[in-house]
Structures are given as structure tokens and as C-alpha cells.
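Colleague: need a structure here:
(one chain, ligands or ions: 2)
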Amino acid sequence: MKTVTMVAPVNIAVIKYWGKRDEELILPINDSISGTLSTDFMCAKTTIQASPQFKENKFWLNGKEQNFDSPRLDSCLKEVKRRASPSCPILNWKIAICSENNFPTAAGLASSAAGYACLVAALAKLYKIEGDISSIARRGSGSACRSIYGGWVQWIKGDRPTGEDSIAIQLAPVAHWPEMRVLILVVNDERKKYSSTSGMKKSVETSDLLKYRASECVPKRVEAMKEAIFRKDFESFAKITMEDSNQFHAICLDTFPPCVYMNDTSHSISDVVHTYNECKSSNRVAYTFDAGPNACIYLLESETEEFLSVINYVFPPSSNTGYLKGLQVRQKPINKELEMMFQEKKHRPGALKYIIHTKIGDGPRMVEDSLLNDAGLPKNL
Ligand SMILES: Nc1ncnc2c1ncn2[C@@H]1O[C@H](COP(=O)(O)OP(=O)(O)OP(=O)(O)O)[C@@H](O)[C@H]1O
Ligand SMILES: C[C@@](O)(CCOP(=O)(O)OP(=O)(O)O)CC(=O)O
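Modeller: Residues are numbered from 1 along each chain as shown. Ligands and ions are numbered 1, 2, ... in the order given. Modelled structure (predicted):
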């Protein structure tokens with residue numbers, strides 16, 4: 001019997017991936033760039049066990065048994081086995097997979113990215129695969145290829161129809177910009193209405209803006225973003241991040257029928273960020289929204305206390321317990337000058353469910369405590 005347990009991170013794109021040129025191999029129409037988040041507060045954890053005693057393959061996700069016949073799972077497994085040495089002794093053994101996310105699944109918080117990165121990293125350890133595995137994780141979910149590396153990561157779209165040049169590379173490690181912090185403002189953590197997969201398919205079929213974005217905007221933005229990250233130029237980083245998020249959501253609205261991911265609370269968050277930046281006469285905070293209403297805020301450590309005082313003022317918690325998860329900071333009241341700016345923008349308590357305060361982190365790593373017992377069954381069932 002062989003057992004491997006790994007944890008893998010979520011990543012949040014600052015230049016978005018939206019649109020495929022090949023649905024089966026998951027090949028994108030444009031490059032994308034993201035920050036990988038620390039696994040301390042948001043991660044997928046996956047145990048894979050191979051045994052000659054197992055009669056069939058099994059898969060549990062968050063305590064519920066899943067159908068093993070999923071095309072994406074199958075595609076990852078096939079590619080890992082193709083790359084394994086033919087003499088690998090466990091290649092024909094059946095496997096049990098057990099995975100848990102410590103944050104909401106399928107709510108637009110990149111669970112598929114962490115989930116497939118974790119699955120592929122664990123499979124690669126189990127079958128002793130050498131070299132880049134981001135192109136295997138990509139077959140599970142496009143954005144998962146970026147979670148294979150820590151720090152700042154670019155997914156290069158590649159040109160070949162076979163996809164072997166569509167890989168993720170690390171642009172800079174965590175230590176390059178240690179002051180960077182991330183706030184996930186959770187507006188809604190329920191399963192979202194339309195998945196990224198179906199939304200982007202409709203966009204490719206119907207949006208003219210999407211073609212313009214992929215050919216004209218993203219290539220320039222990717223270069224400018226790389227430069228901003230290399231120079232730790234937060235002002236430019238923030239501007240490009242917000243512009244790209246806004247353009248992505250404009251394409252969602254240009255899709256027919258439109259994909260409406262942001263809601264009124266999301267737009268209020270965007271307004272708070274712009275007002276705050278105006279007060280400071282520079283871009284101190286950046287928002288970005290994925291395929292859901294939740295906001296991801298990038299900001300430097302020096303700004304977190306003050307910006308959180310504004311968020312707590314504009315979006316008061318319905319109860320104080322558990323509102324700020326993750327890294328804790330001194331809670332300070334909003335100052336008079338900012339209060340004047342934001343008093344018209346106050347929301348009812350509970351408009352924001354909770355906040356996860358985290359930072360940039362490393363890629364997948366092996367851990368000791370298995371989720372499966374020796375019989376290949378989940379320990380927490
Ligand atoms: N830990 C995991 N292991 C394997 N697969 C997972 C895991 N977590 C999520 N998934 C897969 O990803 C799917 C959710 O992906 P989906 O794209 O709908 O949501 P999301 O990743 O939370 O949102 P988004 O990609 O828009 O940020 C799940 O239904 C499941 O198939
Ligand atoms: C808005 C996004 O989060 C879209 C992520 O899409 P997915 O990677 O979830 O889609 P599939 O490849 O179909 O699984 C932007 C991004 O992460 O770059």
C-alpha cells in the first residue's frame with residue numbers, strides 16, 4: 001500500500017483567464033497572471049492511497065462520495081500515468097482519493113484551482129513524475145495550473161494544438177514581495193449559479209469584446225503587470241488589476257445571455273476602494289472579482305489596519321465573532337476624515353458575511369496526517 005497526502009493553495013488572478021481555444025485539453029485564448037495564497041487559511045488537502053487490495057477506484061470530496069467517472073479527473077489520471085515510468089510497480093493498483101477544502105467549494109473562491117492542483121501534485125508524488133506538472137493540473141481546471149507554483153505566477157497560453165507549451169511558470173517567489181496582503185470579502189459563500197466553465201464557453205461563442213481583449217489588451221497588460229510585480233510598483237499593480245477585473249466583467253455582460261457575477265454589494269466594494277484611493281491620492285488598495293460576487297482585495301501590510309477600519313464601518317458585521325478570519329490585526333475605529341467620506345455609504349449589518357485576511361504563499365507541499373485509514377476509507381465519515 002502507498003499513501004500520499006498534500007495540501008495545495010488557491011490563487012487569485014490579477015490578469016484573468018477567460019475563454020478556451022480547446023475545451024478538452026483546457027487551452028486558454030490568453031495568458032493570465034495570479035498571486036498564490038498562503039495555505040495557512042485557505043487550502044485543499046488530498047490523500048491518495050494505492051493498494052493491490054482495492055477492488056475499485058473511489059473518490060470522496062468534503063465527506064461525500066463522488067462519481068469517479070469524471071472526464072476531468074480521468075484526463076489528469078491518464079496524463080499522470082502516461083508520464084510515469086512503465087516499470088512503476090503501483091501503476092495498475094486501484095486508488096482511493098479523499099479531499100477536503102477548508103473554505104467553501106464551488107462558490108467562486110477558486111476551489112477547483114486548489115483542488116486539482118492538490119490532486120495532481122499528490123498523483124505526481126505517488127507515481128514519481130519528474131518535471132513540470134502544471135500542464136497536467138491544467139487538464140483538471142485551467143486556473144489550477146497556476147496553483148502548482150507559489151508567489152507570482154504566469155500561465156503562458158502556448159500555441160501548440162497539443163498543449164504541451166501551455167504551462168505555468170513562477171514570475172517571483174513569495175519572498176520577493178513579502179508585504180503583500182490579501183483580503184477576501186465574502187459576500188456569498190453558496191454554490192454559484194453558473195460555473196466559470198459554462199460562462200466562458202458562452203463568452204467565446206457570443207462576445208466580440210472577448211476577441212479584442214485577448215488579441216489587443218491582454219498581451220500589453222501582461223507585460224505591464226510583470227514589470228509592476230518585478231519593480232514592486234503597487235500603484236501600477238493596483239491599476240492594472242482593477243482594469244483587468246472590470247474588463248473581464250464587461251465581457252461577462254457582453255456575453256449573450258449575460259453572465260452577471262457581481263451584485264450590488266460587489267459594486268459597493270468597488271466604490272469603497274475607489275473612494276479610499278481618492279482620499280489617499282494614490283492607488284493603495286486594488287479589488288478583483290472572479291466568477292462570483294466575492295471581492296479579492298490586494299493591499300500592502302501597511303494599509304491593512306486602516307482599510308479594515310473602513311470596511312468594518314461601511315459593512316458592519318451582524319455579530320463580531322468570526323468576522324475577521326485568518327491573520328489578525330489591531331481593530332481600530334475609522335478616523336474622522338474617512339468617516340466623513342464614507343458616512344453616506346454605510347450598509348446594513350451583515351451585507352458582508354465575513355473576511356479572510358491572508359497573504360501570498362508557497363505552492364503544494366506534502367503533509368503527514370492522512371485523510372484515509374488503512375482500509376482506504378475516509379477517517380471523518
Ligand atoms: N479539493 C478538491 N478536489 C478535487 N476536485 C475539487 C476540489 N474542490 C473542488 N473541486 C472540483 O471543482 C468544482 C468547483 O469548481 P467551480 O469552478 O465550479 O468553483 P470554484 O473553483 O470554487 O470557482 P472559480 O473557479 O470560479 O473560482 C467542484 O464541483 C469539484 O468538481
Ligand atoms: C474567473 C476566473 O477565476 C476563471 C477561472 O476558471 P476555471 O479555471 O475555474 O475554469 P475551467 O478551466 O473551466 O475549470 C479567472 C482566473 O482564475 O484566471
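Colleague: before we move on, what SS does residue 349 have?
Modeller: Under DSSP: H, G, I helix; E, B strand; the rest coil, the three-state class of residue 349 is coil.
Colleague: please work out how many residues are found near it.
Modeller: Residue 349: 11 surrounding residues under other C-beta atoms under 10 Å. Using the backbone N, CA and C atoms, a C-beta is placed for each residue, glycine as well.
Colleague: repeat that for residue 229.
Modeller: 24.
Colleague: surely it is in contact with residue 171?
Modeller: Yes: proximity of residue 229 to residue 171 meets the contact threshold set by C-beta atoms under 8 Å, at 6.0 Å.
Colleague: contacts only, for the nearest residue to residue 196 once chain neighbours are set aside.
Modeller: Once flanking residues are discounted, residue 196 sits nearest to residue 291: 4.4 Å by C-beta to C-beta, 6 or more residues apart in numbering. Residues near residue 291 by C-beta atoms under 8 Å, 6 or more residues apart in numbering: 108, 192, 194, 195, 196, 199, 252, 259, 261.
Colleague: which of these are buried?
Modeller: 108, 192, 196, 199, 252, 259, 261 (16 or more other C-beta atoms under 10 Å).
Colleague: so the closest residue to ligand 1 within the stretch 201-350 of the chain, which state does it fall into?
Modeller: The nearest approach of the stretch 201-350 of the chain to ligand 1 comes at residue 291, 3.9 Å away (C-beta to the nearest ligand atom). With three-state DSSP as the basis, residue 291 sits in coil.
Colleague: what about it, distance to residue 192?
Modeller: From residue 291 over to residue 192 the distance is 7 Å, taken as C-beta to C-beta, to the nearest Å.
Colleague: please apply the same query to residue 134.
Modeller: Taking C-beta to C-beta as the measure, residue 134 falls 25 Å from residue 192.
Colleague: ligand 1 contacts on the stretch 51-200 of the chain?
Modeller: 61, 99, 101, 105-112, 115-116, 118-119, 143, 195-196 (C-beta under 6 Å from any ligand atom).
Colleague: mind checking the longest helix of the chain?
Modeller: Determined from DSSP state H, the single longest helix within the chain is helix 234-254.
Colleague: contact partners for the nearest residue to residue 131 once chain neighbours are set aside?
Modeller: Among residues not flanking residue 131 along the chain, residue 83 sits closest, at 8.0 Å (C-beta to C-beta, 6+ apart). Contact analysis of residue 83 by C-beta under 8 Å, 6+ apart lists 127, 129, 131, 136.
Colleague: shared neighbours, residue 291 and residue 192?
Modeller: Common neighbours of residue 291 and residue 192, counting by C-beta under 8 Å, 6+ apart, are 108, 261.
Colleague: which parts of the stretch 151-300 of the chain are helices?
Modeller: 196-206, 208-212, 218-230, 234-254, 264-280 (DSSP state H, counting those that start in this stretch).
Colleague: which one of the ones you listed is the most hemmed in?
Modeller: helix 234-254 (a mean of 20; mean count of other C-beta atoms under 10 Å).
Colleague: quick one: buried residues of stretch 131-150?
Modeller: Buried residues in stretch 131-150, defined by neighbour count with 16+ other C-beta under 10 Å: 132-150.
Colleague: still on that earlier bit, what about burial for the residues of the stretch 51-200 of the chain next to ligand 1, which qualify?
Modeller: For those, a burial check counting by 16+ other C-beta under 10 Å picks out 61, 99, 101, 105-112, 115-116, 118-119, 143, 196.
Colleague: secondary structure class for the closest residue to residue 140 other than its chain neighbours?
Modeller: Nearest non-adjacent residue to residue 140, counting by C-beta to C-beta, 6+ apart: residue 116, 2.9 Å away. State at residue 116, reduced to three classes by three-state DSSP: helix.
Colleague: cool, residue 119 as well?
Modeller: Of the three states, residue 119 takes helix under three-state DSSP.
Colleague: my guess is it meets residue 101, correct?
Modeller: No: contact criterion C-beta under 8 Å: residue 119 and residue 101 do not qualify, at 11.8 Å.
Colleague: related to what we said a few turns ago, narrow the contacts of residue 83 to those in helices?
Modeller: Going by DSSP H, the helices hold residue 136 from these.
Colleague: taking the contacts of residue 83, tell me the two that lie furthest apart.
Modeller: 127 and 131 (12.7 Å; C-beta to C-beta).
Colleague: now the strands for the stretch 51-200 of the chain?
Modeller: Ranges of strands in the stretch 51-200 of the chain, per DSSP state E, counting those that start in this stretch, are 58-61, 64-65, 94-101, 152-155, 168-172, 180-186.
Colleague: which parts of the stretch 251-381 of the chain sit against ligand 1?
Modeller: Within the stretch 251-381 of the chain, the positions near ligand 1 by C-beta under 6 Å from any ligand atom are 290, 291.
Colleague: where does the stretch 251-381 of the chain get nearest to ligand 2, residue-wise?
Modeller: Relative to ligand 2, the nearest point of the stretch 251-381 of the chain is residue 290 (3.8 Å; C-beta to the nearest ligand atom).
Colleague: export the helices of the stretch 151-300 of the chain to a markdown table and append columns for mean pLDDT and distance to ligand 2.
Modeller: Listed next are the helices of the stretch 151-300 of the chain as a markdown table, based on pLDDT from 0 to 100; distance: least, C-beta to the nearest ligand atom, whole Å:
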| stretch | mean pLDDT | distance to ligand 2 |
| --- | --- | --- |
| helix 196-206 | 97 | 3 |
| helix 208-212 | 98 | 13 |
| helix 218-230 | 98 | 11 |
| helix 234-254 | 98 | 7 |
| helix 264-280 | 97 | 13 |
